[in-house]
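*Asks:* Just need the structure, nothing else, for what follows:
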Amino acid sequence: MGKSRTKRFKRPQFSPTGDCQAEAAAANGTDPEEDDGPAAELLEKLQHPSAEVRECACAGLARLVQQRPALPGLARRDAVRRLGPLLLDPSLAVRETAAGALRNLSACGGFEVCDDMVTKDVMTPLVALLKEVLSCVLFHLILGAVLFGSTGLDSNEMSPQEKKDQNRNSIENIANEAVNVLWNICECSSRAVSIFNKEGCLEIVLKYLSRFSTNVDLAISVAYCLQTVTEDNPELLKSFSAPALHVLESAMLSPVSSMEYILLKTLVAGTIWNLKDIIPSKSQAEIINAILKILSEVLEMDAGETVIQMKETETQRIKTAAQTEDTLQNVNGDDLIEDDEMEEIPHRRKVRRKTFISDLLPIFEKTAFPNSIAVDVCSRNPSWKPLIRKMSTIQCRALVCLQSLVSLLDVDHLGGPAALQTLAQHLSQLLFSQPDFAKHVDFLEAISSALRALLQTVASKNIPQCMTPDQLLTLCRAGVHSSNVGVRVNVVSILGITGSVLAKEDGTLDTLKTIGCFLLEVATKDPSLVVAGEALDALFDVFADGKEAERASVQIKLLSALKEFQPVFKMKIRKEGRAKYSPDQLCVLDNVKMNLRRFVAYQETVEKRLTT
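*Replies:* As a prediction, this is how the structure comes out:
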């Protein structure tokens with residue numbers, strides 16, 4: 001609820017109807033509404049008396065909505081109000097393609113489009129469809145399709161049982177598409193979540209989830225939806241009864257260990273975690289252990305090895321298909337006609353991931369770089385290339401997870417000083433074995449956050465540092481030029497922690513001078529007051545105590561520089577504060593301003609003592 005999310009549909013490289021009409025209209029200076037493009041034609045066909053034409057129009061719109069330039073035109077032409085009623089169309093095929101078009105629209109359009117869909121009352125037919133499918137009101141449609149072939153299949157091509165199975169699958173596909181639309185809209189609109197609560201949608205989707213053993217794809221869609229609507233939704237929590245919790249528990253404890261079921265169990269575990277406040281206290285320990293077991297199972301999986309296995313499976317499948325074709329050629333004695341349109345494309349479900357943090361999980365290995373063989377396999381195949389990014393995302397989230405563990409747990413729970421030193425060496429190797437680490441912003445933010453937490457813990461427990469000041473300065477010099485404020489905050493904090501440790505040691509004068517000059521430059525020149533405030537805090541820590549620190553502060557003329565900067569800092573807070581920064585950030589900046597005044601007074605006594 002209210003979070004940004006990864007798009008699950010990429011905009012196609014070309015339009016199936018030819019040149020993108022919206023772009024062409026913009027280029028020609030034509031009013032898009034006057035342009036007789038595919039949108040107007042497809043929307044008009046939605047009212048056609050032929051179910052086949054309506055189905056084709058829905059399929060065309062499902063492709064068109066993936067092109068961002070087409071979205072404003074579709075909104076002007078009230079596409080949602082025209083597609084919504086087709087969710088209850090007499091034809092199952094039209095229902096399915098209409099739901100697919102709305103699913104793509106909600107996934108590609110973002111928050112504004114989803115909110116507009118709620119305004120255009122898409123929830124009314126959507127909820128009605130979900131209830132109708134669930135309560136088997138479609139029985140007469142199924143019977144009609146079986147008897148009269150109304151799904152577009154020749155009645156002579158299938159046996160009655162085959163037709164029955166075909167229509168059952170079609171209904172489940174409709175339910176899957178509808179649940180995905182519900183999930184997308186609820187993720188982007190609090191009004192949709194309110195409707196979900198009021199219309200009793202929880203009971204509906206839980207019944208779909210209860211059929212996980214016969215349709216795991218539908219169950220996964222429901223689990224995604226549930227994880228979204230149960231987050232920060234106390235009103236919905238009141239609706240969870242013991243039978244409802246039992247459905248979740250059954251899915252989470254399923255003994256099946258395939259990839260699909262691991263995903264399902266992980267999502268259900270996330271939903272149950274959202275419900276922890278209503279779980280009876282006597283059951284909480286058992287539930288938490290079950291969740292930890294599932295998450296451990298997930299983290300034991302190696303994404304790189306999985307990619308390699310997928311490639312081997314695909315290679316074997318293609319080899320088998322080729323052998324089958326050769327066999328058929330030999331049997332028939334005729335050359336088979338090749339058809340590019342019949343080339344098989346492996347189906348890949350596009351999913352979003354949630355990162356779950358637990359102090360008992362083996363996340364250390366996940367921070368390593370993605371398997372080089374797997375990366376090579378993915379880079380050779382254009383359709384597999386997105387997996388490289390996903391493997392990197394796993395690494396970054398593992399580093400963020402590691403930061404949380406190091407910040408929250410006692411040293412003994414982390415394995416003691418030796419384990420922390422090993423971890424520092426591991427992070428150092430991760431960082432400096434990648435020459436262009438500064439270019440990878442997500443990685444740099446994640447690893448600098450982990451290092452910051454680790455160095456803080458090590459320093460607070462007087463554990464010897466494993467990374468040299470030169471290594472940390474290299475990181476900080478690269479990080480301070482990052483466009484990411486979080487990276488810049490992390491690196492100046494790292495330098496402050498390092499400097500405060502060195503200030504207590506002998507023979508560190510030159511290093512302290514280097515650190516002081518670096519932090520002073522960041523404090524006075526960084527455009528962000530948040531970064532400047534962090535740099536000032538770091539200076540306070542480094543030069544707060546110690547003979548070497550006192551000598552270094554005098555030699556770099558720290559006092560005069562801070563006196564000169566003090567009124568500038570106050571003025572920036574006064575001019576930019578309320579417009580650019582949150583109340584919490586302003587509170588921190590006010591504390592820094594007050595500490596700066598005290599630190600200047602302290603430095604005056606230090607300088608007077610050393611110069612006299």
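
*Asks:* Just read off the phi/psi values of R63.
*Replies:* phi -80, psi -40 (degrees, to the nearest 10).

*Asks:* What pLDDT does the model give it?
*Replies:* For R63, the model assigns a pLDDT of 90.

*Asks:* Please apply the same query to H426.
*Replies:* Confidence at H426, expressed as pLDDT, is 85.

*Asks:* got it, and P85?
*Replies:* Confidence at P85, expressed as pLDDT, is 94.

*Asks:* Tell me which residues touch it, please.
*Replies:* P125 (C-beta atoms under 8 Å, 6 or more residues apart in numbering). Heads up, the C-betas are built off the backbone N, CA and C, glycines and all.

*Asks:* make it 10 Å
*Replies:* Contacts for P85 (C-beta atoms under 10 Å, 6 or more residues apart in numbering) come out as 46-47, 98, 124-125.

*Asks:* which pair in those residues spans the largest distance?
*Replies:* With C-beta to C-beta as the measure, no two of those lie farther apart than Q47 and T124, at 19.0 Å.

*Asks:* These two: which is more packed in?
*Replies:* Shown here are Q47 and T124; by other C-beta atoms under 10 Å, T124 has more neighbours (15 against 12).

*Asks:* For burial, what's the neighbour tally of the residue lying closest to the more buried one once chain neighbours are set aside?
*Replies:* The spatial neighbour of T124 that comes closest, neighbours along the chain excluded (C-beta to C-beta, 6 or more residues apart in numbering), is G84 at 7.5 Å. G84 sits with 22 neighbouring residues when counted by other C-beta under 10 Å.

*Asks:* Touching, G84 and V127? I think so.
*Replies:* No. Between G84 and V127 there is no contact, the gap being 11.1 Å when judged by C-beta atoms under 10 Å.

*Asks:* mind checking which helix or strand L387 is in?
*Replies:* For L387, the enclosing helix or strand under DSSP states H and E is helix 386-408.

*Asks:* Same check on Q47?
*Replies:* Per DSSP H and E, Q47 falls between elements, in no helix or strand.

*Asks:* before we move on, back to that, where's the residue nearest to T124 relative to Q66, distance?
*Replies:* 19 Å (C-beta to C-beta, to the nearest Å).

*Asks:* Same question for E187.
*Replies:* Using C-beta to C-beta, we find E187 at a distance of 18 Å from Q66.

*Asks:* again with L43
*Replies:* L43 is 16 Å from Q66, by C-beta to C-beta.

*Asks:* S383 now?
*Replies:* S383 is 17 Å from Q66, by C-beta to C-beta.

*Asks:* more crowded one of those two?
*Replies:* The residue with more neighbours, out of S383 and Q66, is Q66; 20 against 10, by other C-beta under 10 Å.

*Asks:* coming back round to it: can you point out the buried residues in the helix holding L387?
*Replies:* Using 16 or more other C-beta atoms under 10 Å as the test for burial, helix 386-408 gives 387-388, 391-406.

*Asks:* State the mean pLDDT of it.
*Replies:* On average, helix 386-408 scores 84.

*Asks:* so what secondary structure elements neighbour that helix?
*Replies:* helix 281-299, helix 303-332, helix 372-380, helix 416-432, helix 441-460 (3 or more C-beta pairs under 10 Å, 6 or more residues apart in numbering; DSSP states H and E).

*Asks:* comparing the ones you listed, which gets the lowest mean pLDDT score?
*Replies:* Lowest mean pLDDT of the helices and strands packed on helix 386-408: helix 303-332, a mean of 57.

*Asks:* wait, doesn't R389 sit right on F443?
*Replies:* No. Contact between R389 and F443 fails when scored by C-beta under 10 Å: they sit 11.4 Å apart.
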